[in-house]
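S.K.: Could you work out the structure for the sequence below:
(one chain, ligands or ions: 1)
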Amino acid sequence: MSAVRAVALYSGGLDSALAVLTVMRQGIEVKAITFLNHFGCEISDQSSCSKNPFAAASRFGFEVKLCHLSDKFIDIVKNPKFGHGKNMNPCMDCRILMLREAREFMEMTGASFIITGEVLGQRPMSQRRDALNIIDREAGLRGAVLRPLSARVLKPTLAEEAGLVDRQLLHGFSGRSRKPQMALAAELGLTEYPAPAGGCLLTEPNYAFRLRELLDHDPDPSLPDLHLLRLGRHFRFSSRSKIIVGRDREENETLLKRYDGAGLMLGVIGYGSPITLVRGDAQEDVIAAAASICVRYSDARNLSGATVKVVRDGREYSIEAPPAADDLIGRLKIEKKSVLKGSVQVIG
Ligand code: SF4
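M.R.: Have a look, this model is predicted:
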């Protein structure tokens, strides 16, 4: 008799690892799939939804396949059917998309059902009982998604009804406490696991604010522009041009690496200077503003002016610029502000 097989949505975090191990304990073969996106769910990024998915997999002996959601994910970020969460995170649509992709993988691999590490009530948007039902329905997987950590407080799935999985050996966790998961991890010998994270970059207020601002001006931003949202101070000069200024050595190095020849790069000559990029249209007025902002954040900020190198289309020239005044900075800087009792407070 061939083994029962399941596909797991697997982030590499504690809950998804426990879900996998719980069904593996029943002799079920698990093929895990880890989804990546452009907003922080990358293997190297420990602040994202996806942790290193290979650690537990190699220790406990299950396969992991990586799948990048790329443009499909960007589409749901821009226009989610079920709306955004507190920030720009379209968690419901995101789960639906991942399950749809997993369904294809399930059909390809001859698996009978899908498992996830979701815990009822753990996250406000996508892990409510009604949300889980909607997600399964929209993914075309009604009754086919087993959530081993909460199964006993959820309706039995088709796999349980068919006797492929023993419901009695599943769990009934719910709510935000992680103590039951930690106890289960100890029981299963899962000793090393990452701390829980809040989600991808889209859940971060400042990143979400920058992204919304970008989409307001450019509904179809390029990938480099999306990646640049993580770095530096951002200034909006016009609907077609932005200025980005590195905040420290590390950001400057990254900006330098990210400079793809599109737009302009500026730096103050002879003084410690931030890497400054101009994205989009680069007319003389934008260049003058960028040079001045660059001086403002350089070691020449207290001088009346400095010489700024401009790199454009592989050619270099220099211009003189004064440090930008506060009102220019205040007018152009893209930052989340909230009004508190008549005063303006900058968030983050
Ligand atoms: S935080 Fe939400 S939108 Fe971001 S990857 Fe996780 S489920 Fe998807």
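
S.K.: ok, now how distant is the residue in the stretch 151-300 of the chain positioned nearest to the ligand from residue 37?
M.R.: Going by CB to the nearest ligand atom, the ligand is nearest to residue 199 of the stretch 151-300 of the chain, at 2.8 Å. To be clear about C-beta, it is placed using only N, CA and C from the backbone, and glycine gets the same treatment. For residue 199, the distance to residue 37 (CB to CB, to the nearest Å) stands at 11 Å.

S.K.: what's the neighbour count on residue 128?
M.R.: 15 (other CB atoms under 10 Å).

S.K.: How much space separates it from residue 120?
M.R.: Residue 128 is 8 Å from residue 120, by CB to CB.

S.K.: And residue 255, by the same measure?
M.R.: Between residue 255 and residue 120 the computed distance is 43 Å (CB to CB).

S.K.: State the distance from the residue nearest to residue 218 when sequence neighbours are not counted to residue 183.
M.R.: Spatial nearest neighbour of residue 218, excluding adjacent residues (CB to CB, 6 or more residues apart in numbering): residue 225 at 7.2 Å. Per CB to CB, residue 225 is found 45 Å from residue 183.

S.K.: Those two: which is more packed in?
M.R.: Legend: neighbour count by other CB under 10 Å for residue 225 and residue 183, higher for residue 225 (18 against 10).

S.K.: ok so, going back, for the residue of the stretch 151-300 of the chain closest to the ligand, helix, strand, or coil?
M.R.: coil (DSSP: H, G, I helix; E, B strand; the rest coil).

S.K.: What parts of the stretch 201-348 of the chain come near the ligand?
M.R.: Proximity of the stretch 201-348 of the chain to the ligand, by CB under 6 Å from any ligand atom, involves residues 202-203.

S.K.: 8 Å - rerun?
M.R.: By CB under 8 Å from any ligand atom, the residues of the stretch 201-348 of the chain that approach the ligand are 201-203.

S.K.: mind giving me a markdown table with the residues you listed and columns for distance to residue 167?
M.R.: Shown next, in a markdown table, are those (distance: CB to CB, whole Å):
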| residue | distance to residue 167 |
| --- | --- |
| 201 | 37 |
| 202 | 35 |
| 203 | 33 |
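
S.K.: one step back: burial check on the residue of the stretch 151-300 of the chain closest to the ligand, number of neighbours?
M.R.: Around residue 199 there are 23 other residues, counting by other CB under 10 Å.

S.K.: Would you confirm that residue 115 contacts residue 20?
M.R.: Yes - the criterion here is CB atoms under 8 Å, and residue 115 meets it with residue 20 at 7.0 Å.

S.K.: Find residues that contact each of these two.
M.R.: Counting by CB atoms under 8 Å, 6 or more residues apart in numbering, the shared contacts of residue 115 and residue 20 are 8, 30.

S.K.: quick one, what contacts the closest residue to residue 223 other than its chain neighbours?
M.R.: Distance criterion CB to CB, 6+ apart; nearest residue to residue 223, sequence neighbours excluded, is residue 38 at 6.6 Å. By CB under 8 Å, 6+ apart, the contact list for residue 38 reads 70, 73-74, 223, 226-227.

S.K.: which of these lies closest to residue 98?
M.R.: residue 73 (9.2 Å; CB to CB).

S.K.: Of all the residues in the helix or strand residue 72 falls within, which ones are buried?
M.R.: Element membership for residue 72 (DSSP states H and E) is helix 70-78. Within helix 70-78, the residues scored as buried using 16 or more other CB atoms under 10 Å are 73-74, 76-77.

S.K.: which strands and helices sit next to the next helix or strand along the chain from it?
M.R.: Tracing the chain past helix 70-78, the next element assigned as helix or strand by DSSP H and E is helix 91-109. Helices and strands touching helix 91-109, by 3 or more CB pairs under 8 Å, 6 or more residues apart in numbering; DSSP states H and E, are strand 5-9, strand 29-36, strand 63-68, helix 70-78, strand 113-115, helix 129-138.

S.K.: Contact partners for residue 16?
M.R.: Contact analysis of residue 16 by CB under 8 Å, 6+ apart lists 8-10, 32, 116-117.

S.K.: Surely it forms part of a strand?
M.R.: No - secondary structure of residue 16 (three-state DSSP): helix, not part of a strand.

S.K.: distance of residue 237 from residue 292?
M.R.: 11 Å.

S.K.: hang on, the earlier thing: what two of the contacts of residue 38 are the furthest from one another?
M.R.: Pairwise distances across the contacts of residue 38 (CB to CB) peak at 13.9 Å, for the pair 73 and 227.

S.K.: Please report the number of neighbouring residues for the residue lying closest to residue 92 once chain neighbours are set aside.
M.R.: Nearest non-adjacent residue to residue 92, counting by CB to CB, 6+ apart: residue 82, 3.7 Å away. Other residues lying near residue 82 total 19 when counted by other CB under 10 Å.
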